[in-house]
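Participant: give me the fold of what follows.
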Amino acid sequence: MIRRSPSGAAVLNADTTESINSAALEMLAEVGIGRLSMEAVARRAGVGKSALYRRWPSKTAMTIAVLSEFSVELAATPDTGSLRADIRESVEALRLWLDHPLFSRILPDLVAESGRDPELAELHTRMIGVPRRERAAAIFARARERGEVGDDADIELAMDLLAGPVYWRSAVRAQPVDAAYLDSVTDAIVALVTSTGPGDDGIDTPVR
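Facilitator: Sure, this is the predicted structure:
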């Protein structure tokens, strides 16, 4: 039996969606969110403007949807069986995300515009920040199940450190993020969540 789509239902072609996503990313890097328009993206993608509106109700919704698909896909989900190896893979994936030739030009504008536009900020958090953080949280949850992380470990701080130093060095200071730096970040995070305090045996180490 041949199944037909209900009359009037929009059938979204995957190739068209991919073309639109690529065009939107390119234009976001070129002109920024403020100067982006649905018409310009449609022209770049070689489709009618209606193809965009069948997918998203507004420029803001399109922008965040496109960036979310790109960003969450690049969020690492390592499960190596080792906390340190999982963290090291995660910070490496973060570096690649931040250094992406298009996204590295989009991110500063996205952060600035989110500070001015509450709707964009809310979508940015919900569709990019939260999913990426949930993937990071899974790393520590598995490590806790393996006994590598104690129940009193500050996982919230650890997840901030998973992203904060690399973002600051790359996006804010515009300094290179090399393997040695990523190793140091990894070591700091592992030390944070596995430390039992001054001295692993629970005995305070004298200050010399």
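Participant: CA only for contacts and neighbour counts going forward, please
Facilitator: Fine.
Participant: same for the longest helix seen in the chain, what does it pack against?
Facilitator: Longest helix in the chain by number of residues (criterion: DSSP state H): helix 14-35. Contacting helix 14-35 under the criterion 3 or more C-alpha pairs under 8 Å, 6 or more residues apart in numbering; DSSP states H and E are the following elements: helix 38-45, helix 59-73, helix 103-116.
Participant: what does the last one rub up against?
Facilitator: Counting by C-alpha atoms under 8 Å, 6 or more residues apart in numbering, the neighbours of helix 103-116 from elsewhere in the structure are 25, 28-29, 32-34, 97-98, 120-121, 124, 171.
Participant: same thing but 6 Å
Facilitator: Helix 103-116 is contacted by residues 29, 98, 120-121 when judged by C-alpha atoms under 6 Å, 6 or more residues apart in numbering.
Participant: looking at those residues, which is nearest residue 192?
Facilitator: residue 98 (24.2 Å; C-alpha to C-alpha).
Participant: what about the closest one, how many neighbours?
Facilitator: 19 (other C-alpha atoms under 10 Å).
Participant: for residue 96, see how far away the spatially closest residue to it that is not a sequence neighbour is.
Facilitator: Once flanking residues are discounted, residue 98 sits nearest to residue 104: 5.4 Å by C-alpha to C-alpha, 6 or more residues apart in numbering. According to C-alpha to C-alpha, to the nearest Å, residue 104 and residue 96 sit 10 Å apart.
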